[in-house]
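K.L.:
Sequence and computational prediction follow.
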Amino acid sequence: MNPIRLLLLLAALWIGTAGSAFALDLGDLVNLGGKLKKIVSEVTTEEEVEMGGNLISGLLGAAPLVDDDELQRYVNDVGYWVASRSSRRDLPWTFGVIDSDGINAFAAPGGYVVITRGLYELLENEAQLAGVLAHEISHVVRKHHLEALQKVVKREFWSDLTLTAVDNKKDRKKLGKLVNAGVQLYATGLDRKYEYEADLRGVVLAARSGYDPFALLDVLTTIDSINPDSKELSVMLNTHPPTGDRLTQLADRIDGHLDYYATGQANPKRFQQVSAAP
Amino acid sequence: MRNYFQVLALGLLLTAPALANQDGLIVRLSPLHDKASSTSQRVGQLSAGSRVTIFGRKGGWKEVFSEEKSMVGWVRSYQVREGNYAEQAPKETEEDSRGFLAGLASFSRKASRFLTGNNSSTSSGTATIGVRGLSEAEIKSARPDFSELAKMQQYSSNRSRLDRFVFKGQLSANDVPHIGSKKKSSSGGKNLEK
């Protein structure tokens, strides 16, 4: 099995192990030949897109797209425009609104970004949508998911195990435990520093795209005003730094840098027309 | 100084049309500046829960009037939340801002539906693998849906669609370097390296 196959397997684990197609096959893992060192740099764009597609398919299996062509096309236009202002404009950027009450957005390697209906309904204008998408786009551009995976693989597999020779029960058990540890890491979300970085780069991307970059801060303010005990927010708060901390950090870092761009577009009319469509 | 602000505030309130100003709530302890700039003079501070009237916006700032303090000044845009609240949220201290922010949802039109949220699903992180924002049950039943992926890909934008979208939305492409990066703006803008 090549390194990419392993990545795909691990990627599948993010989605959940309940689906039979994603059941973990330890055999696949232990048959892996050769060591894997620099995953991030070795993964080709094509492989990254394939991995992201698999991830997103699992997500879509959990919550399908909202059945609204105009809405989906609109979100793709906003996202594609913002992504085109990034250093990875050539990825096949694909965006979607999924039918979930949860308040969150999700990115996968290769240029896939989805936002939940719950979060979309909190937004008030196009600049806020652009801000949220720009945060997720930044995760993809910076390959945060791949890097996180690399860390898991490095720490949990390669340091302790010679994978070509895991044939006894004890090692298999250990391997299983390590895989679970890797999955666990994803359950807690990306490293906090990646989230702060995505916030900071996201507002810059929004400014580059002609939007008011402060709109992302407005979204975070709205989220911060929601009862933190609400079930719609629980997963986001489990996987992201506290919203108040994000606001403080972001405001401190951008202080004075982006004021000039705050007169950027918000396009509330266009946003509301799409949102109001049946 | 104080009198000056009072007069100015009163003048603004009287001359502006009734609908032009908006109510607002300060969501966190905020320094009040005399201009829309962090380097401008600090003229005071407003505590979380203070009611203000918002006169306008400039850059990432909002100009507000605090009746309680008889002061006009500028606060960071995200520090004040707009809305027509019928009842005043309970005023709390900075330390207690979490509770205050939860209460604040009562005046937020869009956020109010979350007030009735329960506590049942706040603890488990294990089942929400990577799929942030979905419930445990939704994830557990998840099976990859490749036809839905194909559908999603059909909505992807393209160059010609983008041109129209950008033109209609009057969006301009700006040259903005990443903050903290060593790269200088190619337009000769200020170096954002810290």
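P.N.:
Received it, and whenever you're ready, just let me know what you need.
K.L.:
Am I right that B:Lys58 is in contact with B:Ala36?
P.N.:
Yes. Counting by C-beta atoms under 8 Å, B:Ala36 is a contact partner of B:Lys58 at 4.4 Å. To be clear about C-beta, it is placed using only N, CA and C from the backbone, and glycine gets the same treatment.
K.L.:
For those two, indicate the residue with more neighbours.
P.N.:
Neighbours were tallied for B:Lys58 and for B:Ala36 using other C-beta atoms under 10 Å in any protein chain shown; the higher tally belongs to B:Ala36 (21 against 16).
K.L.:
Now that one: closest residue in space that isn't a chain neighbour?
P.N.:
Spatially, and ignoring its direct neighbours in sequence, B:Ala36 is nearest to B:Trp61 (3.8 Å; C-beta to C-beta, 6 or more residues apart in numbering or on different chains).
K.L.:
A:Asp255 too?
P.N.:
Among residues not flanking A:Asp255 along the chain, B:Ser38 sits closest, at 5.4 Å (C-beta to C-beta, 6+ apart).
K.L.:
Counting neighbours, what do you get for that neighbour?
P.N.:
B:Ser38 is flanked by 16 other residues according to other C-beta under 10 Å.
K.L.:
Let's verify it: helix, strand, or coil?
P.N.:
Secondary structure, DSSP: H, G, I helix; E, B strand; the rest coil: B:Ser38 is coil.
K.L.:
joint contacts of B:Lys58 and B:Ala36?
P.N.:
With contacts taken as C-beta atoms under 8 Å, 6 or more residues apart in numbering or on different chains, the residues that reach both B:Lys58 and B:Ala36 are B:Trp74.
K.L.:
what about stretch A:108-117, how long is it end to end?
P.N.:
18 Å (C-alpha to C-alpha, to the nearest Å).
K.L.:
before we move on, what about stretch A:222-232?
P.N.:
Start and end residues of stretch A:222-232 are separated by 14 Å (C-alpha to C-alpha).
K.L.:
That stretch near chain B anywhere?
P.N.:
Yes. Part of stretch A:222-232 sits near chain B under the criterion C-beta under 8 Å from any C-beta of the partner chain, namely A:Thr222, A:Asp224, A:Ser225, A:Ile226, A:Asn227, A:Pro228, A:Asp229, A:Ser230, A:Lys231, A:Glu232.
K.L.:
Which of the residues you listed sits closest to chain B?
P.N.:
In terms of C-beta to the nearest C-beta, no member of the residues of stretch A:222-232 next to chain B lies closer to chain B than A:Ser230, at 2.5 Å.
K.L.:
Neighbours of the closest one, how many?
P.N.:
Residues near A:Ser230, counting by other C-beta under 10 Å: 25.
K.L.:
Please determine how far it is located from B:Tyr78.
P.N.:
21 Å (C-beta to C-beta, to the nearest Å).
K.L.:
and if you look at A:Arg88?
P.N.:
Distance, A:Arg88 to B:Tyr78, by C-beta to C-beta: 28 Å.
K.L.:
got it, and A:Val141?
P.N.:
A:Val141 sits 24 Å away from B:Tyr78, going by C-beta to C-beta.
K.L.:
Select the helix or strand of chain B having the lowest average pLDDT value.
P.N.:
Ranked by mean pLDDT, DSSP states H and E, the helix or strand of chain B with the weakest confidence is helix B:97-104, at a mean of 30.
K.L.:
which stretches of the stretch 101-250 of chain A form strands?
P.N.:
Taking DSSP state E, counting those that start in this stretch, the strands of the stretch 101-250 of chain A run over residues A:105-108, A:112-116.
K.L.:
where among those is the average confidence lowest?
P.N.:
The minimum mean pLDDT among the strands of the stretch 101-250 of chain A belongs to strand A:105-108 (a mean of 86).
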